[in-house]
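Asker: Need a 3D model of the following:
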Amino acid sequence: MNKTYRKCVGIVVFKNHKVLLCERKDIAGQWQFPQGGIEQGEDIITAAARELKEETSISSVTVVDTLDKPIHYDFPDNIKNNSKWKFDGQSMQWVLFNFKGDDGEINLQTKEPEFRNWCWEDIDAAPKKIVEFKRDVYQQVVKKFKPFVEEK
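Answerer: As a prediction, this is how the structure comes out:
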(Lines give C-alpha, C1' and ligand atoms only; values in the text may rest on other atoms or scores of the structure.)
Protein backbone atom coordinates (compact mmCIF):
# COMPACT_ATOMS: atom_id res chain seq x y z
CA MET A 1 0.00 0.00 0.00
CA ASN A 2 1.36 3.41 -0.98
CA LYS A 3 1.27 6.02 1.73
CA THR A 4 0.48 9.67 1.08
CA TYR A 5 2.43 12.33 2.92
CA ARG A 6 1.65 16.01 3.29
CA LYS A 7 4.64 18.11 2.26
CA CYS A 8 5.50 20.55 4.98
CA VAL A 9 8.33 22.47 6.55
CA GLY A 10 9.56 22.42 10.14
CA ILE A 11 11.21 25.53 11.51
CA VAL A 12 13.86 25.72 14.21
CA VAL A 13 14.52 29.28 15.39
CA PHE A 14 17.38 29.96 17.78
CA LYS A 15 18.83 32.86 19.71
CA ASN A 16 21.55 32.87 22.39
CA HIS A 17 22.00 29.07 22.25
CA LYS A 18 18.26 28.44 22.85
CA VAL A 19 15.51 27.32 20.47
CA LEU A 20 11.96 28.56 20.20
CA LEU A 21 9.29 26.09 21.29
CA CYS A 22 5.58 26.86 21.06
CA GLU A 23 2.71 25.30 22.98
CA ARG A 24 -0.20 24.30 20.78
CA LYS A 25 -3.43 26.20 21.29
CA ASP A 26 -5.61 23.13 20.82
CA ILE A 27 -3.72 20.79 23.18
CA ALA A 28 -2.38 22.23 26.43
CA GLY A 29 1.07 20.94 27.32
CA GLN A 30 1.97 19.92 23.78
CA TRP A 31 5.03 21.83 22.58
CA GLN A 32 6.62 21.86 19.15
CA PHE A 33 8.63 23.83 16.65
CA PRO A 34 6.60 25.97 14.25
CA GLN A 35 5.66 24.06 11.10
CA GLY A 36 3.31 24.21 8.17
CA GLY A 37 2.48 23.19 4.64
CA ILE A 38 4.54 24.00 1.58
CA GLU A 39 2.35 25.76 -0.96
CA GLN A 40 2.46 25.13 -4.71
CA GLY A 41 5.59 26.70 -6.20
CA GLU A 42 7.27 27.50 -2.87
CA ASP A 43 10.79 26.46 -2.03
CA ILE A 44 11.43 25.38 1.55
CA ILE A 45 13.04 28.67 2.66
CA THR A 46 10.10 30.71 1.37
CA ALA A 47 7.61 28.31 2.96
CA ALA A 48 9.49 28.35 6.28
CA ALA A 49 9.66 32.15 6.40
CA ARG A 50 5.96 32.45 5.51
CA GLU A 51 4.84 29.87 8.08
CA LEU A 52 7.05 31.38 10.79
CA LYS A 53 5.56 34.82 10.18
CA GLU A 54 1.98 33.43 10.05
CA GLU A 55 2.36 31.49 13.30
CA THR A 56 4.65 33.68 15.43
CA SER A 57 4.91 37.07 13.66
CA ILE A 58 8.69 36.58 13.47
CA SER A 59 10.44 37.90 10.37
CA SER A 60 13.86 39.04 11.69
CA VAL A 61 15.71 35.83 10.86
CA THR A 62 18.59 34.62 8.73
CA VAL A 63 18.91 31.14 7.26
CA VAL A 64 21.66 29.08 8.85
CA ASP A 65 21.09 25.54 7.54
CA THR A 66 18.57 23.07 6.14
CA LEU A 67 18.28 19.30 6.24
CA ASP A 68 19.45 17.61 3.05
CA LYS A 69 16.29 15.54 2.59
CA PRO A 70 12.82 15.34 4.10
CA ILE A 71 12.01 13.22 7.12
CA HIS A 72 8.72 11.31 7.07
CA TYR A 73 6.53 10.30 9.95
CA ASP A 74 3.19 8.53 10.10
CA PHE A 75 0.18 9.81 11.98
CA PRO A 76 -1.19 7.47 14.66
CA ASP A 77 -4.55 5.94 13.74
CA ASN A 78 -6.59 8.30 15.93
CA ILE A 79 -5.18 11.31 14.04
CA LYS A 80 -5.17 9.66 10.63
CA ASN A 81 -8.83 8.71 10.97
CA ASN A 82 -9.80 12.25 12.01
CA SER A 83 -7.40 14.14 9.77
CA LYS A 84 -8.87 16.84 7.58
CA TRP A 85 -6.08 16.24 5.06
CA LYS A 86 -6.53 12.51 4.45
CA PHE A 87 -2.80 11.91 4.58
CA ASP A 88 -0.98 9.01 6.24
CA GLY A 89 1.60 11.37 7.69
CA GLN A 90 3.91 14.23 6.87
CA SER A 91 7.08 14.64 4.84
CA MET A 92 8.99 17.41 6.59
CA GLN A 93 11.74 19.59 5.22
CA TRP A 94 13.58 21.47 7.98
CA VAL A 95 15.08 24.96 8.13
CA LEU A 96 17.24 26.48 10.87
CA PHE A 97 16.90 30.25 11.36
CA ASN A 98 18.91 32.55 13.61
CA PHE A 99 16.57 35.08 15.22
CA LYS A 100 18.02 38.60 15.00
CA GLY A 101 15.04 40.43 16.49
CA ASP A 102 13.85 41.34 19.94
CA ASP A 103 11.50 39.01 21.85
CA GLY A 104 8.82 41.70 21.52
CA GLU A 105 8.54 40.71 17.86
CA ILE A 106 7.07 37.34 18.89
CA ASN A 107 3.28 37.59 18.81
CA LEU A 108 1.13 34.46 18.80
CA GLN A 109 -2.12 36.44 18.41
CA THR A 110 -2.05 36.06 14.64
CA LYS A 111 -4.86 35.89 12.08
CA GLU A 112 -5.33 32.17 12.79
CA PRO A 113 -3.59 31.48 16.14
CA GLU A 114 -2.06 28.02 16.48
CA PHE A 115 -0.11 28.51 19.70
CA ARG A 116 -0.90 29.70 23.23
CA ASN A 117 2.62 30.10 24.69
CA TRP A 118 6.24 30.18 23.64
CA CYS A 119 9.60 29.80 25.37
CA TRP A 120 13.32 29.66 24.70
CA GLU A 121 14.59 26.18 25.58
CA ASP A 122 17.75 24.09 25.28
CA ILE A 123 17.68 22.24 21.98
CA ASP A 124 18.10 18.88 23.75
CA ALA A 125 14.77 19.46 25.53
CA ALA A 126 12.75 19.64 22.29
CA PRO A 127 12.42 15.87 21.65
CA LYS A 128 11.32 15.37 25.26
CA LYS A 129 8.46 17.88 24.88
CA ILE A 130 7.10 16.62 21.55
CA VAL A 131 4.40 13.98 21.08
CA GLU A 132 5.73 10.44 20.82
CA PHE A 133 5.02 9.90 17.12
CA LYS A 134 7.20 12.91 16.14
CA ARG A 135 10.02 12.19 18.60
CA ASP A 136 12.32 10.40 16.13
CA VAL A 137 12.02 13.30 13.68
CA TYR A 138 12.93 15.79 16.41
CA GLN A 139 15.92 13.70 17.48
CA GLN A 140 17.25 13.75 13.91
CA VAL A 141 16.67 17.50 13.61
CA VAL A 142 18.40 18.18 16.94
CA LYS A 143 21.40 16.08 15.93
CA LYS A 144 21.82 18.05 12.70
CA PHE A 145 21.17 21.58 14.03
CA LYS A 146 22.65 21.39 17.55
CA PRO A 147 26.21 22.33 16.50
CA PHE A 148 24.94 25.53 14.87
CA VAL A 149 22.75 26.47 17.84
CA GLU A 150 25.58 25.95 20.31
CA GLU A 151 28.27 27.80 18.35
CA LYS A 152 26.49 31.09 17.69
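Asker: low-scoring stretches of this structure, by residue?
Answerer: 1, 83, 85, 152 (pLDDT under 70).
Asker: For it, which helix extends over the most residues?
Answerer: Taking DSSP state H as the criterion, the chain has its longest helix at helix 135-151.
Asker: Does anything pack onto that helix? Which helices or strands?
Answerer: Where contact means 3 or more C-beta pairs under 8 Å, 6 or more residues apart in numbering; DSSP states H and E, helix 135-151 is packed against strand 5-15, strand 61-66, strand 71-74, strand 89-99, helix 126-129. Glycine gets a C-beta too; all of them are placed from N, C-alpha and C.
Asker: List the strands paired with the second one, with their directions.
Answerer: Translated: strand 61-66. The sheet places strand 61-66 alongside strand 89-99 (antiparallel), with pairing taken from DSSP bridges.
Asker: Partner strands of whatever helix or strand comes next after the partner strand, with direction?
Answerer: Next in sequence after strand 89-99, counting helices and strands by DSSP states H and E, comes strand 115-121. Counting by DSSP bridges, the strands paired with strand 115-121 are strand 18-24 (antiparallel).
Asker: which parts of the strand it pairs with are buried?
Answerer: Neighbour counts over strand 18-24 (16 or more other C-beta atoms under 10 Å) mark Lys18, Val19, Leu20, Leu21, Cys22, Glu23 as buried.
Asker: Throw those residues into a markdown table and include distance to Lys129, thanks.
Answerer: Output for those, formatted as a markdown table (distance: C-beta to C-beta, whole Å):
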| residue | distance to Lys129 |
| --- | --- |
| Lys18 | 13 |
| Val19 | 11 |
| Leu20 | 12 |
| Leu21 | 6 |
| Cys22 | 10 |
| Glu23 | 9 |
